[in-house]
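# structure for the following, please:
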Amino acid sequence: MKTVYPTKVSATLVLIISLIMGCILVPYAIKSLWVPFTIILILHFLLLFMLANIKYVITESQLIIDQSLGKWGKEVIDISTIKSIEPTHTILSAPASSLDRLRISYNKYDDIIISPRRKEEFIRQLQSINPQIVFKEKQ
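Next comes the predicted model:
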């Protein structure tokens, strides 16, 4: 059995990315440089598409982070190696489309930051597979 949790998409994050891309695009528009303007605009929409299509898949023993990039955009974590989960609002780059995020600590020193919709259900499902996972509440 596998359960798919789509990423939570934050309007704030989309706005920040769009503002940054807009600042990059304006000089090209002012100078009527339409080829680089079009290329950057296409890349902007491609980035937004990729952000909206991130998903997290829980199988019987694995957490798969699928970033919609084919075989290059998948990270597989053995659920038995997950130590803890804690809420975070870090702005660090991550396979997360919202600033309402979870930091998952696994193996000895590894962390990954994600933003699934239905966070509570997601955490409960991981803990049902590995009851050793500690959920650290926000202080």
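# in this protein, which spans are helices?
Along the chain, counting by DSSP state H, helices occupy 11-30, 34-52, 119-129.
# let me know which of these is the nearest to Val76.
helix 119-129 (14.1 Å; Cβ to Cβ). For every residue, glycine as well, the C-beta is placed using N, CA and C.
# pull the distance from that closest one to the chain's centre.
17 Å (Cα atoms, centre = their mean, to the nearest Å).
# packing partners of that helix?
strand 3-6, strand 55-58, strand 82-88, strand 101-106 (3 or more Cβ pairs under 8 Å, 6 or more residues apart in numbering; DSSP states H and E).
# which residue, other than its chain neighbours, is closest to the residue nearest the centre of the chain?
In the chain, the centroid-proximal residue (Cα atoms, centre = their mean) is Ala96; its distance is 1.7 Å. Of all residues not flanking Ala96 in the chain, Ser115 sits nearest, at 3.6 Å (Cβ to Cβ, 6 or more residues apart in numbering).
# run a quick neighbour tally on the one you found.
As a burial measure, Ser115 scores 25 neighbours (other Cβ atoms under 10 Å).
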